[in-house]
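# no FASTA, just this:
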């Protein structure tokens, strides 16, 4: 800090970086919601509507994932992606503790019981496709030229926040409709 520099400028820079940090953390959380929830929702979509519908959903999620990762520089990109990893663990813990996939299958197919090996294989296949698509979207977000990045960044937070909120609402509404795990266990 120079002696002639007004104190207000320092505060202004701090506020800007604070807003940027908050935005990056929010986008990292949205990345986590997109990826982890799509692992479970793509399975539900496959069982309810077929594999083609799940592929379309995965492509849409991958596009949102890439949009959320668009950054001014490689460090910002890495910060968003790096923060999304521990946040993903928290989101995943929610789905595991709620027995989400087993309860979802029992909503779609009453008295289904637990997942089968074939169902787990399909789920694994969808996770691989999702991961590859998200990786491609992440690389595209990293190498996109500045002009396109600036255009995308104008709507980035609004679009990603809207769809993250929709996905969270769908997850919670579906969970409220699922049979209880105790009910499922009693029928096995």
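Received the coordinates, thanks. Worth saying up front: this structure is predicted, and the values here are computed from it rather than measured.

# give me every residue that touches the residue most central in space within the chain.
Closest to where the C-alpha atoms of the chain average out (C-alpha atoms, centre = their mean) is residue 34, at 1.5 Å. Contact analysis of residue 34 by C-beta atoms under 8 Å, 6 or more residues apart in numbering lists 61, 64-65, 68, 160, 163-164, 167. In this view, the C-beta of every residue, glycine as well, is placed from N, C-alpha and C.

# Off-centre distance for the stretch of helix or strand it belongs to?
In the assignment (DSSP states H and E), residue 34 maps to helix 7-49. The chain centroid and the centroid of helix 7-49 are separated by 8 Å, computed with C-alpha atoms, centre = their mean, to the nearest Å.

# now swap in stretch 139-150 and tell me
For stretch 139-150, the distance from its own C-alpha centre to the chain's C-alpha centre is 20 Å (C-alpha atoms, centre = their mean).

# contacts for stretch 151-167?
By C-beta under 8 Å, 6+ apart, stretch 151-167 touches 23, 26-27, 29-30, 33-34, 37, 41, 64, 67-68, 70, 72, 144.

# pLDDT below threshold where in this protein?
1-16, 101, 105, 108-123, 125-126, 179, 181-188 (pLDDT under 70).

# Helices of that one, residue ranges please.
For the chain, the helices defined by DSSP state H cover 7-49, 51-69, 74-97, 100-108, 117-143, 146-177, 181-186.

# And residue 66, how far from residue 136?
Remark: distance between residue 66 and residue 136 (C-beta to C-beta, to the nearest Å) = 8 Å.

# Quick check: the gap between residue 141 and residue 167.
Distance, residue 141 to residue 167, by C-beta to C-beta: 19 Å.

# follow-up on the earlier one: for PyMOL, write the select line for the buried members of the contacts of stretch 151-167.
Only the buried entries of the contacts of stretch 151-167 go into this PyMOL selection, using 16 or more other C-beta atoms under 10 Å:
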select buried, resi 26+27+29+30+33+34+37+41+64+67+68+70+144
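
# Taking the contacts of stretch 151-167, tell me the two that lie furthest apart.
Greatest spatial distance among the contacts of stretch 151-167 (C-beta to C-beta): 41 and 72, at 30.7 Å.

# Skipping adjacent residues, who's closest to residue 87 in space?
Distances taken as C-beta to C-beta, 6 or more residues apart in numbering put residue 32 closest to residue 87, at 4.1 Å, once the chain neighbours are dropped.
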